[in-house]
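Engineer: Give me a 3D structure for the following:
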Amino acid sequence: MTPSATETHTNIAILGRSHDTVNYENALRRLKLSCFTTLDPEQAAAASHLLLPGGGDITPAFFGQQNLGSRSIDTELDILQMQAFESFVRQGKPILGICKGLQLINVALGGTVIQHIATAANHRWNGADQNHQVYHSGLTRSDFFYQLYGLSASVNSAHHQAVDRLGKNLLPVCRAGDNIIEGIRHTAFPIFAVQWHPERLPDGSGDRLLQYFAEMERRTGLPTAL
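Structural biologist: Residues are numbered from 1 along each chain as shown. Coordinates of the predicted model:
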């Protein structure tokens with residue numbers, strides 16, 4: 001059901017292709033959270049929250065590089081997701097990025113991506129998710145990762161790319177043992193992201209993060225520029 005612009009309850013827009021977002025929808029609905037998948041940034045803009053899901057790799061030209069190992073590129077989807085991201089930033093609405101979504105947020109804010117990390121064998125999809133620890137790396141203990149997981153957590157992994165240069169006003173909050181950034185937050189906007197997949201963590205610990213996202217509130221008085 002398409003949300004109306006007057007809705008005030010939590011309603012999460014997933015900006016993606018519907019055949020790729022079933023896991024996200026199932027996880028949110030299991031938590032009794034309203035959500036819908038769309039490819040229309042204007043339709044998404046009526047929701048209270050935006051989820052940028054995992055997927056293929058971002059078009060390298062969007063961060064000023066040639067293709068040096070990126071694959072499963074969907075340029076049309078990249079553009080639509082960036083448009084939705086910019087719309088939600090202008091409205092001060094909460095945004096969560098998951099896996100590719102983290103990298104897209106970083107690129108949208110001027111950051112870059114390592115197109116194939118040296119330790120990809122420890123992170124990429126290999127017929128199933130990989131599993132590893134991530135460790136709190138924030139300067140304070142006020143960020144989402146520490147609040148939800150403390151100093152470390154066991155997560156799942158299915159990526160071969162990672163953040164290189166961080167985008168404007170983004171801070172890392174956790175890293176893997178090989179120093180790969182696994183979680184980021186924005187210093188002013190209600191924006192955060194993780195490199196793993198909370199929607200399919202087998203122990204259910206990802207539910208904490210999804211619920212935290214749903215409870216984030218819109219911020220007012222924010223600048224309109226990214």
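Engineer: tell me how far the lengthiest helix in the chain is from the chain's mean position?
Structural biologist: If you go by DSSP state H, the chain has its longest helix at helix 75-91. Chain-centre distance of helix 75-91: 13 Å, with Cα atoms, centre = their mean, to the nearest Å.
Engineer: Give me the contacts around it.
Structural biologist: Residues from elsewhere that reach helix 75-91 (Cβ atoms under 8 Å, 6 or more residues apart in numbering): 13, 15-17, 39-42, 44-45, 50, 52, 55, 58-59, 62, 94-95, 101, 104-105, 107-108, 189, 191, 218, 222, 224, 226. No exception for glycine: its C-beta is placed from N, CA and C like everyone else's.
Engineer: list the buried ones in that helix?
Structural biologist: Residues of helix 75-91 classed as buried: Leu77, Asp78, Leu80, Gln81, Met82, Gln83, Ala84, Phe85, Ser87, Phe88, Val89, Gln91 (neighbour count, 16 or more other Cβ atoms under 10 Å).
Engineer: Could you export that helix as CSV, CA atoms only?
Structural biologist: The C-alpha trace of helix 75-91 is given here as CSV (Å, rounded to 0.1, in the frame of the first residue of the first chain):
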residue,chain,number,x,y,z
THR,A,75,23.4,2.4,-12.7
GLU,A,76,19.7,3.2,-12.9
LEU,A,77,19.2,1.9,-9.4
ASP,A,78,22.2,3.8,-8.2
ILE,A,79,20.7,7.1,-9.5
LEU,A,80,17.3,6.4,-8.0
GLN,A,81,18.8,5.5,-4.6
MET,A,82,20.9,8.6,-4.6
GLN,A,83,17.8,10.7,-5.4
ALA,A,84,15.9,9.2,-2.6
PHE,A,85,18.9,9.7,-0.2
GLU,A,86,19.1,13.4,-1.1
SER,A,87,15.3,13.8,-0.6
PHE,A,88,15.4,12.2,2.9
VAL,A,89,18.4,14.3,3.9
ARG,A,90,16.6,17.5,2.9
GLN,A,91,13.6,16.4,5.0
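Engineer: could you give the mean pLDDT of it?
Structural biologist: The average pLDDT for helix 75-91 rounds to 97.
Engineer: Could I get the phi/psi values of the most centrally placed residue in the chain?
Structural biologist: In the chain, the residue lying closest to the centroid (Cα atoms, centre = their mean) is Gly97, at 0.9 Å. Dihedral pair for Gly97: phi -110, psi 140, per degrees, to the nearest 10.
Engineer: same check, this time on the one 3 residues further on
Structural biologist: The phi and psi values for Lys100, taken as degrees, to the nearest 10, are phi -60, psi -30.
Engineer: Isn't it up against Thr59?
Structural biologist: No. Applying Cβ atoms under 8 Å as the test, Lys100 and Thr59 come out as separate, 11.5 Å apart.
Engineer: Mind checking which of those two has more residues around it?
Structural biologist: The neighbour comparison of Lys100 against Thr59 (other Cβ atoms under 10 Å) goes to Lys100, with 26 against 18.
Engineer: Find the nearest non-adjacent residue to Gly101, please.
Structural biologist: Nearest residue to Gly101, sequence neighbours excluded (Cβ to Cβ, 6 or more residues apart in numbering): Leu52, at 3.2 Å.
Engineer: what's near enough to touch the one you found?
Structural biologist: 15-16, 81, 84-85, 95-98, 100-101, 104-105, 193.
Engineer: do the same with Thr10
Structural biologist: By Cβ under 8 Å, 6+ apart, the neighbours of Thr10 are Leu33, Ser34, Ser48, His49, Ala214, Glu215.
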